[in-house]
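**Q** Sharing a sequence plus its predicted fold:
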Amino acid sequence: MANLVPLLQSGRKAGKPEWSAKLIVAALAGAFGSSFLYGYNLSVVNAPTVFIKTFYNETWERRYNETITEDTVTLLWTVSVSIFAIGGLVGALIVTPAVKYFGRKRTLLLNNVFAIVAALLMAFSRLAGSLEMIILGRFIMGIDGGISLSALPMYLSEISPKQIRGSLGQITAILICVGVFTGQVLGLPEIFGKESLWPYLFGVIVVPSVIQVVILPFLPESPRYLLLEKQDTKAAEKAFQAFRGKSDVSCEVEEVLEESRLQRNVQAASILQLLCDSSKRWQVLTVIVTMACYQLCGLNAIWFYTNDIFKGAGLSPEMIPYITLSTGGVEILAAVFSGLVIERLGRRLLLIGGFGLMILFFVILTICMTLQDRGEWLSHLSIFCILAIIASFCIGPGGIPFVLTGEFFPQAQRPAAFMIAGIVNWLSNFAVGLLFPFIQRGLQTYCFLVFAAVCLAGATYLFFVLPETKNKTLLEINQAFAKKKGHSEVREMDQFAETRKSSGEQERHFTSTLENGEIKARIC
């Protein structure tokens with residue numbers, strides 16, 4: 001770590017993006033106790049499915065002295081899995097007041113209470129002989145996921161320099177993929193994927209939460225939150241210094257103040273107010289489209305068919321859990337690749353290109369699945385298509401929607417925007433879980449064409465509406481959206497830029513007060 005500091009300093013001198021040690025630690029610690037757990041809880045229920053259903057059966061017989069019906073077991077298991085999304089929706093609904101009152105960092109810290117309680121409920125459910133503890137634990141874990149998938153991207157977008165905002169934001173997606181992979185690994189029969197040890201799969205959830213609780217208190221709160229919402233200039237300046245790794249943060253403070261002046265008449269917005277704000281209509285619609293496509297683009301269908309396709313390729317049932325690990329590995333590699341190139345290629349190309357590649361491979365997969373009896377090579381091509389679809393998703397649609405939500409809106413509207421994104425995300429998640437079995441039953445392998453159509457609709461919308469946001473300020477992003485609308489906001493924003501030039505004396509006076517640790521102008 002000591003060798004990292006000179007490297008970071010030399011990078012700054014060369015005009016390169018500023019990666020400070022505290023910025024990296026904050027991103028990793030925040031994501032490890034948040035998005036990692038979300039990904040882990042997506043995959044952890046797969047391996048012990050048979051054992052948990054057996055536990056449900058034994059518990060039912062012990063209570064009611066009768067054998068549980070297959071339909072009842074299926075219903076209980078479906079509720080256990082899908083209630084995670086309902087909890088996520090509840091979490092998304094409460095995240096706005098939480099981040100306003102407690103702040104971004106403290107919300108992430110307090111959110112660990114949900115994760116720890118959920119982990120203990122599920123881990124001790126077998127010992128207590130209570131199937132309700134698993135269902136309740138999944139619901140509470142969903143609340144944790146709903147809060148973290150909004151609070152974490154908000155925190156990351158507010159602590160990162162604009163030059164690396166996309167790369168840092170992709171940590172959310174990368175840790176989701178790592179969480180999914182970890183759930184797959186720990187679910188192997190050699191570890192916790194056996195009847196006597198499956199409760200430990202849920203007990204492991206405590207570990208990332210405890211690590212976050214230990215590390216995050218030593219890191220600063222979002223400097224934007226401190227300056228714009230708490231008017232705490234000293235704390236904001238110290239936070240900027242910690243995250244930038246330098247003492248002179250006047251440019252960073254000025255950028256935040258510029259946003260404040262632009263939005264001086266904007267009050268903290270509710271969902272309804274944001275939806276009714278004509279100046280943000282395209283931004284809100286873009287968030288809704290990207291988050292809906294994030295869940296509806298068919299990745300859940302891929303997971304559903306994976307085992308069948310692997311069996312069709314001649315793989316033995318004993319080998320399938322290990323081959324499935326390749327899907328988790330591809331997820332991680334693709335997400336890391338996206339994080340490395342997002343500041344070079346931009347959000348538009350990765351997002352639209354990711355959807356485009358998914359369309360291509362969904363069509364090929366449909367053909368392969370329909371004609372798989374005509375040759376063994378078609379089954380192998382199906383495996384390739386599965387891996388390609390997963391990689392295409394993780395390169396763009398898997399993480400960029402969270403980044404865009406943090407980039408589109410000013411401080412006063414950002415919590416409401418993330419609440420909208422979270423609601424759409426979790427409702428779409430629940431809809432997929434509810435409707436996909438019927439779609440699959442009715443269309444069989446042709447169900448992939450439905451998801452290809454969703455990807456096509458999303459890519460088409462984004463091609464015509466989404467401006468490039470990499471390395472741009474909020475003002476520049478708003479201007480790009482306004483130009484697409486042909487709205488009078490363009491003239492208003494240009495006038496604002498000219499007004500800034502005539503207020504130089506006032507800015508220098510305000511900046512000088514920062515050096516004295518005092519605030520002599522009210523920040524609206």
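**A** Thanks, I have the structure now.
**Q** What is the burial count for G396?
**A** 29 (other CB atoms under 10 Å). Yep, even glycine has a C-beta here, placed from its N, CA and C like the rest.
**Q** Not counting sequence-adjacent ones, nearest residue to it?
**A** G354 (2.7 Å; CB to CB, 6 or more residues apart in numbering).
**Q** what's the average pLDDT for the host helix or strand of the one you found?
**A** Element membership for G354 (DSSP states H and E) is helix 320-370. Average pLDDT, helix 320-370: 93.
**Q** So which elements touch that helix?
**A** In terms of contacts (3 or more CB pairs under 8 Å, 6 or more residues apart in numbering; DSSP states H and E), helix 320-370 is packed against helix 165-169, helix 171-186, helix 299-312, helix 376-395, helix 400-408, helix 447-465.
**Q** by how many degrees do that helix and helix 400-408 diverge?
**A** 90 degrees (axes from the mean of the first three to the mean of the last three CA atoms, to 10 degrees).
**Q** okay, the helices and strands packed on helix 320-370 in a markdown table with mean neighbour count next?
**A** Output for the helices and strands packed on helix 320-370, formatted as a markdown table (neighbours: other CB atoms under 10 Å):
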| stretch | mean neighbour count |
| --- | --- |
| helix 165-169 | 25 |
| helix 171-186 | 24 |
| helix 299-312 | 18 |
| helix 376-395 | 20 |
| helix 400-408 | 26 |
| helix 447-465 | 19 |
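**Q** Mean pLDDT lowest where, among these?
**A** Checking each of these, the one with the poorest mean pLDDT is helix 299-312, at a mean of 75.
**Q** And the residue of the chain most remote from its centre, its phi and psi?
**A** Ranked by distance from the centre of the chain (CA atoms, centre = their mean), the top residue is N65, with 44.6 Å. With angles defined as degrees, to the nearest 10, N65 sits at phi 60, psi 40.
**Q** Report the separation between it and V336.
**A** Per CB to CB, to the nearest Å, N65 is found 54 Å from V336.
**Q** cool, F181 as well?
**A** For F181, the distance to V336 - CB to CB - is 12 Å.
**Q** excluding its backbone neighbours, what's nearest D232?
**A** In space, D232 is closest to L226, 4.7 Å off (CB to CB, 6+ apart).
**Q** my guess is the one you found meets A235, correct?
**A** Yes: counting by CB atoms under 8 Å, L226 touches A235, with 4.7 Å between them.
**Q** quick one: which of those two has more around it?
**A** L226 (24 against 16).
**Q** SS state for the more buried one?
**A** Three-state assignment for L226 (DSSP: H, G, I helix; E, B strand; the rest coil): helix.
**Q** Please name the residues that touch it.
**A** The contact partners of L226, by CB atoms under 8 Å, 6 or more residues apart in numbering, come to D232, A235, A236, A239.
**Q** any idea which of those is the one closest to V185?
**A** If you rank those by distance to V185 using CB to CB, A239 comes first, at 36.2 Å.
**Q** Report the buried residues of the helix or strand in which that closest one is found.
**A** Per DSSP H and E: A239 is located in helix 233-244. The neighbour-count check on helix 233-244 (16 or more other CB atoms under 10 Å) flags T233, A235, A236, E237, K238, A239, F240, Q241, A242, F243, R244 as buried.
**Q** just these: which has the poorest pLDDT?
**A** Comparing the buried residues of helix 233-244 by pLDDT, T233 comes last, at 86.
**Q** Does that one touch L227 like I think?
**A** Yes: counting by CB under 8 Å, T233 does reach L227; the two are 6.6 Å apart.
**Q** For the nearest residue to C385 once chain neighbours are set aside, grab the count of nearby residues.
**A** In space, and not counting its chain neighbours, C385 is closest to L365: 4.0 Å by CB to CB, 6+ apart. When neighbours are counted by other CB under 10 Å, L365 registers 28.
**Q** With the one 10 residues further on instead?
**A** Other residues near G375 come to 11 when the count uses other CB under 10 Å.
**Q** Kindly format the C-alpha coordinates of the strand or helix carrying V287 as PDB.
**A** Mapping V287 onto the secondary structure by DSSP H and E places it in helix 281-296. Extracted C-alpha coordinates of helix 281-296, given in PDB (Å, rounded to 0.1, in the frame of the first residue of the first chain):
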ATOM      1  CA  ARG A 281     -38.500  13.900 -18.000                       C
ATOM      2  CA  TRP A 282     -36.100  12.300 -20.400                       C
ATOM      3  CA  GLN A 283     -33.600  11.500 -17.600                       C
ATOM      4  CA  VAL A 284     -36.300   9.800 -15.600                       C
ATOM      5  CA  LEU A 285     -37.600   7.900 -18.600                       C
ATOM      6  CA  THR A 286     -34.100   6.800 -19.400                       C
ATOM      7  CA  VAL A 287     -33.600   5.500 -15.900                       C
ATOM      8  CA  ILE A 288     -36.900   3.600 -16.000                       C
ATOM      9  CA  VAL A 289     -36.000   2.000 -19.400                       C
ATOM     10  CA  THR A 290     -32.500   1.000 -18.400                       C
ATOM     11  CA  MET A 291     -33.500  -0.500 -15.100                       C
ATOM     12  CA  ALA A 292     -36.500  -2.300 -16.600                       C
ATOM     13  CA  CYS A 293     -34.300  -3.800 -19.300                       C
ATOM     14  CA  TYR A 294     -31.700  -4.700 -16.700                       C
ATOM     15  CA  GLN A 295     -34.200  -7.200 -15.200                       C
ATOM     16  CA  LEU A 296     -36.300  -8.000 -18.300                       C
END
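**Q** Now that helix: average pLDDT?
**A** 95.
**Q** likewise stretch 146-160?
**A** In the prediction, stretch 146-160 has an average pLDDT of 94.
**Q** Next, report how far that stretch is displaced from the centre of its chain.
**A** Here the centre of stretch 146-160 is set off from its chain's centre by 9 Å, with CA atoms, centre = their mean, to the nearest Å.
**Q** before we move on, the earlier item: got the angle between the helix holding G354 and helix 447-465?
**A** Going by the same axes, to 10 degrees, helix 320-370 makes 80 degrees with helix 447-465.
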